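Colleague: Whatever this is, show me its structure:
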Amino acid sequence: MKYCKKCKKDFSDEDKFCQDCGGKLVKIVESKESSKIIKYGLIIVLIALVLILGFLTGIINIPHISSTTTTTTSTTIVLTTTSTITPITISTTIPKVPCSPCFGYFVYIDHSSSNLRLRNGGRAVTINNVNFGPNQDIELSINCPDISCNVEVVYKDTDTGITHTDSATLHTLTSNIQLMDAYCQDNTIIFLINNIGNSPISSLSFYVNGVGKSEISGCLNNPLLPGNTINCQVVGISGLNQVRIVSPSNVAVAAVECTIKPIQVDCSKVVLDIVDALCHGTTNVTVTLQDIGSIPLTNPIFYFKTTNQTVCVSNQTDTITAGGITKYEINCNFPRVEVLNFVRVSALCGLTISIYAEKSDISDPCS
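Modeller: Numbering: from 1, shown residues only. So this is what the prediction gives:
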């Protein structure tokens, strides 16, 4: 490259004179150091441009994060089951305080499943015909087997004679057993229970829809030691089952909703036979039935008729054993002058299909 000192303009190497002033051009020699500086400067500029573009691209691609926070407090657990098991819901919510909402007049001290300790307020009162002075401790018997229960205390002000009611909701904060798993299979509810307490458990109580049930697997033939688990089974019913388990300390573990579908059985080969039917004066009618087959029949319904067209109907809730013979004594209040001449019996197979039998060649006097 050449340069005109007078005009201060650059020209190519082929030019010898300035095109403006006609002066002689001087050739410019670039040093190696300046070349290096220019080279490295360009590299630094390029790196800076790449970093800036990457940063801007990252900002553009960052997903939008909502500032709204959702808090989930549900304790519902849906268990993964096989095709023969119905999913259940387990509620194991345990409150944080023993009395909430608590009493308004009395001061809560403590409670167990069967006892409640309170401190009286500033007035003399009478509870269950027992007098208590101001600020005196009071111990009452209660029935609180669940995790939470409502308690009402009816008391009379000694000075005014006015009767008041103070109430509270009591909560059991600890449990010595834990429900690890539970599910329905056929007509049975199966539980996997863990002892999380410090002492052995010798018995458990099971309630299905409020009715006490005996476990059928012999799960507690030996005490359940701390840290051990055990499998227990109870009989459920067709449809919805509300279940709770209570330990020896009367602490409810969980409420389980479990839907049992009716058992699908083949009733085509089940035969119900009326072996005998007698009318007499003691219990009036004796009927002997036989279930010829391998499936038990339930809830038999009896229909009797005499020669005078007197009718008697009786509904039973028993089970006719498969392959066995069952005798029923039914009081129909037939007059002794009547003659029994017709019997029909129907019973359920698999809870849904009705099987029946008739006997008309009887002619048995009710004397």
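Colleague: Spit out the contact partners of the closest residue to S199 other than its chain neighbours.
Modeller: Closest residue to S199 apart from its sequence neighbours, by C-beta to C-beta, 6 or more residues apart in numbering: P226 at 6.7 Å. To be clear about C-beta, it is placed using only N, CA and C from the backbone, and glycine gets the same treatment. Counting by C-beta atoms under 8 Å, 6 or more residues apart in numbering, P226 touches N195, I196, G197, N198, S199, P200.
Colleague: and C312, bridged to which residues?
Modeller: F304 (DSSP bridges).
Colleague: That one and Q178, how far apart?
Modeller: Separation of C312 from Q178 (C-beta to C-beta, to the nearest Å): 54 Å.
Colleague: repeat for C332
Modeller: 54 Å.
Colleague: circling back: name the helix or strand for the residue nearest to S199, please.
Modeller: Under the criterion DSSP states H and E, no helix or strand holds P226.
Colleague: Number the chain from 490, please
Modeller: Sure thing, new numbering starts at 490, so read that last one as P715.
Colleague: picking that back up, and the contacts of P715, which two are furthest apart?
Modeller: Greatest spacing in the contacts of P715, by C-beta to C-beta: I685 and P689 (12.5 Å).
Colleague: quick one: the strands in the stretch 540-689 of the chain?
Modeller: 574-575, 578-580, 596-600, 604-608, 614-616, 619-621, 626-630, 637-646, 652-660, 666-674, 677-684 (DSSP state E, counting those that start in this stretch).
Colleague: Pipe those strands into JSON lines and attach mean neighbour count and distance to E704 per row.
Modeller: Below are these laid out as JSON lines (neighbours: other C-beta atoms under 10 Å; distance: least, C-beta to C-beta, whole Å):
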{"stretch": "strand 574-575", "mean neighbour count": "16", "distance to E704": "19"}
{"stretch": "strand 578-580", "mean neighbour count": "17", "distance to E704": "18"}
{"stretch": "strand 596-600", "mean neighbour count": "16", "distance to E704": "28"}
{"stretch": "strand 604-608", "mean neighbour count": "18", "distance to E704": "28"}
{"stretch": "strand 614-616", "mean neighbour count": "18", "distance to E704": "39"}
{"stretch": "strand 619-621", "mean neighbour count": "14", "distance to E704": "40"}
{"stretch": "strand 626-630", "mean neighbour count": "13", "distance to E704": "29"}
{"stretch": "strand 637-646", "mean neighbour count": "16", "distance to E704": "24"}
{"stretch": "strand 652-660", "mean neighbour count": "16", "distance to E704": "27"}
{"stretch": "strand 666-674", "mean neighbour count": "19", "distance to E704": "13"}
{"stretch": "strand 677-684", "mean neighbour count": "20", "distance to E704": "9"}
